[in-house]
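K.L.:
predicted model follows, preceded by the sequence.
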Amino acid sequence: MEIFDTHAHYADSAFDEDREQLLSELPGKGVKLVMLAASGLDDSRENVLLAQKYGYIFASVGVHPESVDETPADYIETLRKLIASEPKIKAVGEIGLDYHYEGYDREKQIVFFRKQLEFAKELNMPVIVHSRNATEDTVEILKEYRPKGVVHCFSGSAETAKEIIKIGMYIGFTGVLTFKNAKKALKALEAVPIDRLLMETDCPYMAPDPFRGRRCDSSMIAYTAAKAAEVKGMSVEELLKITYRNGIKMYDII
């Protein structure tokens with residue numbers, strides 16, 4: 001198998017007890033590449049350290065919408081210095097909008113989202129976009145900036161997926177595809193051309209069936225890919241090979 005987990009969080013505390021062992025074992029399970037997504041400045045720094053330690057791991061740096069309140073005003077300069085210091089940083093993310101919980105400052109999230117989109121465009125880097133309960137604003141802003149990159153852990157409709165594709169972006173799917181109530185996600189998957197599809201875990205979250213509710217890791221993509229391959233009418237091996245190449249192209253990994 002050629003697995004590229006295009007969105008993982010191995011700096012998360014869920015991996016504190018066995019991170020080194022797990023990351024040393026993943027290549028033996030068919031995991032060829034992993035992209036670490038950041039949630040904030042501390043996470044960004046930890047991603048860089050992991051990318052430096054493991055050859056198959058690459059990193060993104062950025063500020064997640066849930067982290068905007070705790071982020072200092074000079075965060076762009078911090079991100080700029082990290083990117084300048086480490087060639088294995090291949091994206092700005094994850095960035096975006098999250099209106100799921102009451103009390104979030106939507107306007108502040110939008111300011112951070114726009115600023116990081118501008119920053120990524122300045123550096124000609126792709127973005128990793130998070131969008132939860134914020135589809136209308138997310139799509140409107142993406143249409144304005146037209147960035148390179150991916151809308152990850154996609155949970156929108158087939159119609160929204162088509163709009164994202166028209167912008168020129170990729171769409172990433174997680175283990176949600178395997179859930180019993182995944183009709184909406186499966187319809188969206190049908191609408192995504194195979195050359196714009198990425199596989200991801202969002203680990204330690206979103207473990208596919210039959211592991212739902214447990215800690216996820218990159219080897220579990222095989223189960224998500226099996227469901228995606230069924231929808232796309234191809235073998236799992238073929239789907240993984242294509243999505244592997246898609247990830248390399250999008251993140252400009254040579």
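P.N.:
Nice, I can see it. Remember, it's a predicted structure, so these values are computed and weren't measured experimentally.
K.L.:
buried set for the longest helix seen in the chain?
P.N.:
The longest helix of the chain (DSSP state H) is helix 106-123. By neighbour count on 16 or more other C-beta atoms under 10 Å, the buried set for helix 106-123 is 109, 110, 112, 113, 116, 117, 119, 120. Using the backbone N, CA and C atoms, a C-beta is placed for each residue, glycine as well.
K.L.:
pull the contacting residues for the residue lying closest to residue 30 once chain neighbours are set aside.
P.N.:
Distances taken as C-beta to C-beta, 6 or more residues apart in numbering put residue 1 closest to residue 30, at 3.5 Å, once the chain neighbours are dropped. Residues in contact with residue 1 (C-beta atoms under 8 Å, 6 or more residues apart in numbering) are 30, 222, 236, 237, 240.
K.L.:
ok, and the most crowded of those?
P.N.:
Using other C-beta atoms under 10 Å as the neighbour test, the contacts of residue 1 are led by residue 240, with 23 neighbours.
K.L.:
that residue: which element?
P.N.:
Of the helices and strands defined by DSSP states H and E, residue 240 is found in helix 236-251.
K.L.:
now that helix: how far from the chain's centre is it?
P.N.:
14 Å (C-alpha atoms, centre = their mean, to the nearest Å).
K.L.:
please apply the same query to stretch 164-173.
P.N.:
Worked out by C-alpha atoms, centre = their mean, stretch 164-173 lies 12 Å from the chain centre.
K.L.:
what does that stretch rub up against?
P.N.:
Here stretch 164-173 makes contact (C-beta under 8 Å, 6+ apart) with 6-7, 129, 139, 142-143, 146-154, 156, 161, 185, 188-189, 191-193, 196-200, 224, 228, 246, 250.
K.L.:
now do stretch 129-147, average pLDDT.
P.N.:
Mean pLDDT, computed over stretch 129-147, is 97.
K.L.:
need the contact partners of that stretch.
P.N.:
For stretch 129-147, the surrounding residues in contact (C-beta under 8 Å, 6+ apart) are 64-65, 93-100, 106, 110, 113-114, 117-118, 120-121, 126-127, 149-153, 155-156, 160, 163-164, 167-169.
K.L.:
inside strands: which ones of those residues?
P.N.:
93, 94, 95, 96, 97, 98, 127, 149, 150, 151 (DSSP state E).
K.L.:
neighbour-wise, which one of those leads?
P.N.:
Counting neighbours by other C-beta under 10 Å, residue 150 leads those with 31 neighbours.
K.L.:
pretty sure that one sits against residue 126.
P.N.:
Yes: contact criterion C-beta atoms under 8 Å: residue 150 and residue 126 qualify, at 7.1 Å.
K.L.:
let me see the ranges of the helices in the protein.
P.N.:
With DSSP H as the criterion, the chain has helices at 19-25, 41-53, 75-85, 106-123, 135-145, 158-167, 183-191, 221-232, 236-251.
K.L.:
would you mind putting these into JSON lines with distance to residue 214 alongside?
P.N.:
Shown next, in JSON lines, are those (distance: least, C-beta to C-beta, whole Å):
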{"stretch": "helix 19-25", "distance to residue 214": "13"}
{"stretch": "helix 41-53", "distance to residue 214": "22"}
{"stretch": "helix 75-85", "distance to residue 214": "32"}
{"stretch": "helix 106-123", "distance to residue 214": "30"}
{"stretch": "helix 135-145", "distance to residue 214": "29"}
{"stretch": "helix 158-167", "distance to residue 214": "28"}
{"stretch": "helix 183-191", "distance to residue 214": "20"}
{"stretch": "helix 221-232", "distance to residue 214": "12"}
{"stretch": "helix 236-251", "distance to residue 214": "21"}
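K.L.:
out of those helices, nearest to residue 205?
P.N.:
Taking C-beta to C-beta, helix 221-232 is the member of these nearest to residue 205, at 12.8 Å.
K.L.:
thank you, goodbye.
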